[in-house]
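**Q** no sequence on this one, just coordinates:
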């Protein structure tokens, strides 16, 4: 079975065995290591799953970055503080143009308010857009008329990462880098390696066939050892993928 916590642990072990180091996104931006993996986690739902990931990583001496949305399904202050205390980076998973129905001025005010609230819980120096696939708005457009660096934010992955140098892998759609199911979680890159299952990625690590710098994006709510939760997430994601494929075709 794919997308279990056990499978995630196997993936982490394969990364370590292949000789990769790990950096938070903040540390990578400041001083990137040569053979390194950035573990990015978008906490869209079920923050308890993200805490499970964070604790597992801490046991292995691994650090990552966790991006929290400012909605009740994600924003759990105790979990945010616990993950930060484990040595992981905390960031803001913003979607303000969506939540304000396209009002850019109101979106920026909402962004700064939520950023200030999150900074009361943990240091925050990087942010990352939440795709909001059902929305017609792209929250990255907030930065057409505003500057996040003026707020002490040093980087946003979709703007500040050279994905021709950093290989990007995302579990969006409960698969890997599938353009069929990804509305906005896409990057421009010259890398051509494709994977459909986590075991294929593990094998690539074992065979040393992956680039030196990699960013993974995980949505921890998708990864469950509990069989009932695993099937619920599978069925839910299958329905979402059908809707997203329709949206992608319409928007083309």
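**A** Looks like it arrived, so ask away. Since the model is a prediction, treat every value here as computed from it, not as a measurement.
**Q** Would you state the helices of this structure in chain order?
**A** For the chain, the helices defined by DSSP state H occupy 5-17, 25-30, 47-59, 77-85, 96-99, 104-119, 157-160, 198-206, 227-251.
**Q** if you compare these, which one is most tucked away?
**A** helix 96-99 (a mean of 22; mean count of other C-beta atoms under 10 Å). For every residue, glycine as well, the C-beta is placed using N, CA and C.
**Q** And the pLDDT for residue 223?
**A** As predicted, residue 223 sits at a pLDDT of 96.
**Q** need the contact list for it.
**A** For residue 223, the set of contacting residues under the criterion of C-beta atoms under 8 Å, 6 or more residues apart in numbering consists of 3-5, 7-8, 49, 53.
**Q** One more: residue 225?
**A** When contacts are counted by C-beta under 8 Å, 6+ apart, residue 225 is found next to 4-6.
**Q** before we move on, the earlier item: closest to residue 233 out of the contacts of residue 223?
**A** Proximity of these to residue 233 (C-beta to C-beta) peaks at residue 3, which lies at 7.5 Å.
**Q** pretty sure residue 17 is touching residue 206, no?
**A** Yes - counting by C-beta atoms under 8 Å, residue 17 sits close enough to residue 206 to count as a contact (7.4 Å).
**Q** thinking again about what came up before, got the helices of the chain as CSV, with distance to residue 129 columns?
**A** As requested, the helices of the chain are arranged in CSV below (distance: least, C-beta to C-beta, whole Å):
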stretch, distance to residue 129
helix 5-17, 24
helix 25-30, 13
helix 47-59, 18
helix 77-85, 19
helix 96-99, 9
helix 104-119, 11
helix 157-160, 6
helix 198-206, 24
helix 227-251, 16
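**Q** Residue 130: which of those helices is closest?
**A** helix 96-99 (7.8 Å).
**Q** ok, residues contacting the closest one?
**A** 103-104, 107-108, 110-111, 114, 130, 132, 135, 137-139, 141-142.
**Q** In terms of model confidence, name the weakest of these.
**A** Least confident by pLDDT among those: that is residue 132, with 68.
**Q** okay, how far is it across stretch 117-135, tip to tip?
**A** Distances were taken as C-alpha to C-alpha, to the nearest Å; on that basis the terminal residues of stretch 117-135 are 25 Å apart.
**Q** distance of the nearest residue to residue 205 once chain neighbours are set aside from residue 8?
**A** Distances taken as C-beta to C-beta, 6 or more residues apart in numbering place residue 14 nearest to residue 205, at 4.0 Å, with adjacent residues excluded. Taken as C-beta to C-beta, to the nearest Å, the spacing of residue 14 relative to residue 8 amounts to 11 Å.
**Q** low-confidence ranges in the stretch 51-200 of the chain?
**A** When residues are selected by pLDDT under 70, those of the stretch 51-200 of the chain lie in 132-134, 178-184.
**Q** quick one: the strands in it?
**A** For the stretch 51-200 of the chain, the strands defined by DSSP state E, counting those that start in this stretch cover 65-68, 89-94, 127-129, 167-170.
**Q** Give me the neighbour count for residue 120.
**A** In terms of burial, residue 120 registers 9 neighbours under the definition other C-beta atoms under 10 Å.
**Q** Now for the closest residue to residue 57 other than its chain neighbours: which residues touch it?
**A** In this structure, residue 57 finds its nearest non-sequential neighbour in residue 64, 5.8 Å apart by C-beta to C-beta, 6+ apart. For residue 64, the contact set (C-beta under 8 Å, 6+ apart) comprises 22, 24, 38-41, 53-54, 57, 88-89.
**Q** And residue 5, by the same measure?
**A** Residue 5 sits next to 52-53, 56, 223-225 when contact means C-beta under 8 Å, 6+ apart.
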